[in-house]
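Asks: Okay, structure incoming, though there's no sequence with it:
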């Protein structure tokens, strides 16, 4: 009986300690010329607009995306791994311009505000999910370029997995980003 009580006490301590262990997310990695897009295998820096990186628990290096939309599609695709440790996107509030979204201005995707359905296309010519670090930045951009403001988890699957119509696309210039970026 005494051994059983000791074993139960030890098990309780181990369980309590496990509850207190916090998983540390891997840090965002600065974008370099060597980064290649997961789906297109093209150099990520060759494309305008915001980028994304996904870190998997089973892989040491981030998976890069030339468009944020593709990273969202990755998370929804049944063929892709689901052991996601972290997702980072460019904070367009801090972007120099649409052509220069930044190499180290990353924000966790679940903390960003996204504009979907705007007239602006991403780096591969498809509609983009444009991330901002602030709701105000996202709303200002949506006011100027159309679209809806929402959170990562609320981006509709059909927006990133559906067919693409680029006939109404526009290009955002550096001037257009002023007032949105800080």
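Replies: Happy to help now that I have it. Note that the coordinates shown come from a computational prediction; the quantities given were computed from them, not determined experimentally. Numbering: from 1, shown residues only.
Asks: From here on, just use CA atoms for contacts and neighbour counts.
Replies: Noted.
Asks: residue contacts, residue 25?
Replies: Residue 25 makes contact with 85-86 under the criterion C-alpha atoms under 8 Å, 6 or more residues apart in numbering.
Asks: Break down the protein into its helices, ranges please.
Replies: With DSSP state H, the ranges of helices along the chain come out as 2-20, 68-76, 135-145, 157-161, 174-177.
Asks: Off-centre distance for stretch 36-48?
Replies: Averaging C-alpha positions (C-alpha atoms, centre = their mean, to the nearest Å) puts stretch 36-48 15 Å from its chain's average.
Asks: Quick one: end-to-end distance for it.
Replies: Using C-alpha to C-alpha, to the nearest Å, the gap from the first to the last residue of stretch 36-48 comes to 14 Å.
Asks: ok, now stretch 144-164?
Replies: This stretch, stretch 144-164, spans 22 Å end to end (C-alpha to C-alpha).
Asks: Count residues in the vicinity of residue 39, would you?
Replies: 13 (other C-alpha atoms under 10 Å).
Asks: In space, what's closest to it - neighbours in sequence excluded?
Replies: Closest residue to residue 39 apart from its sequence neighbours, by C-alpha to C-alpha, 6 or more residues apart in numbering: residue 65 at 7.5 Å.
Asks: thought that neighbour was touching residue 42?
Replies: No. In this structure residue 65 lies outside contact range of residue 42 using C-alpha atoms under 8 Å: 9.5 Å.
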